[in-house]
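> got a structure for you, letters missing:
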């Protein structure tokens, strides 16, 4: 090869000139991806803390207002993979910018909602926008740097996301108390407009412009596959929702089970036959991609189950005020946001195995500490559980996300990012369901009442059920560690996709 001709290492995405490696970071692209992650996280957390106020102002009961939350989650989980594929085919920036616009419009319309049914509909629109921009954000962050800094880029994305989790509740409370509840939605509009402007400017100035493929029949969207994916995802989320399952008849439960099984099998068959599938099943031949996704699912189940159980203990058993409990709960997010950059730096310097293993050991330790909680424990113990778990996530998430996305060829990174968010959403749903299920089963066993509902009024039995629940969650975290260790050390190989 002529020494004067630039050459590219396709596996590492690094340009060499005259024998010297040039590392350049597209800070505009990375900054815009981080802003999107922060933007969506703030919007989600503001909404969560405002649920009681929204129910009161819109005259809705708990079940009705909960659907305003569920509808958003259904849209993001079921469509992230679809829009990830659309971005791979027609350009990430186009889908990313459109997603920000749709999320912003949805936020504005939520602020105008006159009843809970309008709010649910507009939240679906918000969720569609969130699925569009989030399915591209981490792929864009990956492409804004060379492969040697992939961990750092994903760490900054994690920091931005958890910063949104930190600021969201405080902003929501201040706006509700001192301005107006509709302001929690209108606040997101200028942030969205800024994101759109930055995205437009970044497209013109980018060091690494993302070119869209030409639309041809060979790369058409697999609409049957997309439809089957949405149906199977919605059916699965419904099956995991214990409140819904207890509220419907056995006939409807059987219908959901058959609907999920049929649509999922149909999706797999469709993807195997489609010329341009939504999810190329060859991706799962990549050890890095498959085991990273499995590790992410198991860790998310662990953390969600922990976050589901602890508030009942803090508020109903230890009798802490909601405000103080909220302060304790941000300890995990603070640790994750603050330490993630170090986790990414460590992954880039020494490889992914050390930070991933250390992070998962911390997650296991945090879960195991939950088995030691007693009715009269000091509030420092549950705070340590949250903080240590947050430190574990800070070390695990950046390298896991970098491996999962980096294991896919560049033209399939949108799908990999969409799969990441879909896995995260499914982990949240399974975590809540698992925490609720274990608490109920163990509580009934300890009380000897097959119809009992876990209640903190029976503090000793409630905490005993919680201890067993944490033991089950710890076992899930151990499985996550095993899955992570089974990955090829530093694997960055790409499967050969047709």
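Received it, and whenever you're ready, just let me know what you need. Note that this is a predicted model, so its numbers are computed, not measured. Numbers count the residues shown, from 1 in each chain.

> Report the next helix or strand after the longest helix along the chain in sequence order.
In terms of residue count, the longest helix belonging to the chain (DSSP state H) is helix 413-447. Counting by DSSP states H and E, the element after helix 413-447 in chain order, helix or strand, is helix 459-485.

> Count the neighbours of residue 299 for me.
29 (other C-beta atoms under 10 Å). Where C-beta positions appear, they are placed from N, C-alpha and C, glycine not excepted.

> That should have said residue 268, apologies.
Per other C-beta under 10 Å, the neighbour tally for residue 268 reads 15.

> before we move on, what about residue 330?
By other C-beta under 10 Å, 18 other residues sit near residue 330.

> same thing with residue 52?
Per other C-beta under 10 Å, the neighbour tally for residue 52 reads 11.

> Could you do the one 5 residues further on as well?
Neighbour count for residue 57, taken as other C-beta under 10 Å: 15.

> what is the mean pLDDT for the longest helix of the chain?
When pLDDT is averaged over helix 413-447, the result is 87.

> Same check on stretch 367-379?
pLDDT averaged over stretch 367-379 gives 93.

> same thing with stretch 306-321?
Mean pLDDT, stretch 306-321: 83.

> That stretch spans what distance, first to last residue?
19 Å (C-alpha to C-alpha, to the nearest Å).

> count of neighbours near residue 411?
Residue 411 has 13 nearby residues by other C-beta under 10 Å.

> Look up how far residue 168 lies from the residue lying closest to it once chain neighbours are set aside.
Computed as C-beta to C-beta, 6 or more residues apart in numbering, the closest residue to residue 411 that is not its neighbour in sequence is residue 88, at 5.8 Å. Separation of residue 88 from residue 168 (C-beta to C-beta, to the nearest Å): 30 Å.

> So which of those two has more stuff around it?
Taking other C-beta under 10 Å, residue 88 and residue 168 do not tie; residue 88 has more neighbours (30 against 23).

> Also compute the angle for the host helix or strand of the more buried one relative to helix 413-447, please.
Here residue 88, judged by DSSP H and E, is contained in helix 62-90. Here helix 62-90 runs at an angle of 150 degrees relative to helix 413-447 (axes from the mean of the first three to the mean of the last three C-alpha atoms, to 10 degrees).

> Check which helices and strands helix 62-90 is in contact with.
helix 27-49, helix 51-57, helix 92-112, helix 116-143, helix 223-240, helix 413-447 (3 or more C-beta pairs under 8 Å, 6 or more residues apart in numbering; DSSP states H and E).

> so of those, which one's packed in deepest?
helix 116-143 (a mean of 25; mean count of other C-beta atoms under 10 Å).

> distance between that helix and the chain's centre?
Centre-to-centre, helix 116-143 and its host chain are 12 Å apart (C-alpha atoms, centre = their mean, to the nearest Å).

> Residue 448: neighbouring residues, count only.
When neighbours are defined as other C-beta under 10 Å, residue 448 has 7 of them.

> what's the spacing between residue 343 and residue 424?
Taken as C-beta to C-beta, the span from residue 343 to residue 424 is 17 Å.

> meant to ask about residue 471, not that
24 Å.

> Residue 141 too?
16 Å.

> Residue 282 too?
23 Å.

> Same question for residue 86.
19 Å.

> worst-scoring helix or strand of this structure, pLDDT-wise?
strand 7-9 (a mean of 32; mean pLDDT, DSSP states H and E).

> Show the backbone phi and psi for residue 274.
Main-chain dihedrals, residue 274, degrees, to the nearest 10: phi -70, psi 140.

> what sits against it?
For residue 274, the contact set (C-beta atoms under 8 Å, 6 or more residues apart in numbering) comprises 222, 224-225.

> ditto for residue 140
Here residue 140 is in contact with 29-30, 32-33, 92-93, 96, 210 (criterion: C-beta under 8 Å, 6+ apart).

> Contact partners for the closest residue to it other than its chain neighbours?
Leaving aside its sequence neighbours, residue 140 sits nearest to residue 33 (C-beta to C-beta, 6+ apart; 4.6 Å). By C-beta under 8 Å, 6+ apart, the residues touching residue 33 are 136-138, 140-141, 144, 157.

> so where's the stretch 251-400 of the chain uncertain?
Counting by pLDDT under 70, the stretch 251-400 of the chain has low-confidence residues at 322.

> all helices of the stretch 301-450 of the chain, in order?
322-350, 353-369, 380-406, 413-447 (DSSP state H, counting those that start in this stretch).

> So which of the ones you listed is nearest residue 103?
helix 413-447 (13.9 Å; C-beta to C-beta).

> Surely residue 158 is in contact with residue 398?
Yes - at 5.7 Å, residue 158 and residue 398 qualify as touching, with contact defined as C-beta atoms under 8 Å.

> From the contacts of residue 140, pick the one nearest residue 77.
Set against residue 77, the nearest of these by C-beta to C-beta is residue 96 (18.7 Å).

> Give me the distance between stretch 90-101 and the centre of its chain.
On C-alpha atoms, centre = their mean, the centre of stretch 90-101 falls 19 Å from the chain's centre.

> Same question for stretch 96-114.
20 Å.

> cool, stretch 359-375 as well?
Averaged C-alpha coordinates place stretch 359-375 at 22 Å from its chain's average position (C-alpha atoms, centre = their mean).

> outside of that stretch, which residues touch it?
Against stretch 359-375 from outside (C-beta under 8 Å, 6+ apart): 295, 299, 302-303, 306, 309-310, 313, 317, 343, 381-382, 384-386, 388-389, 391-397, 459-460, 463, 466-471, 473-474, 477-478, 480-481, 484.
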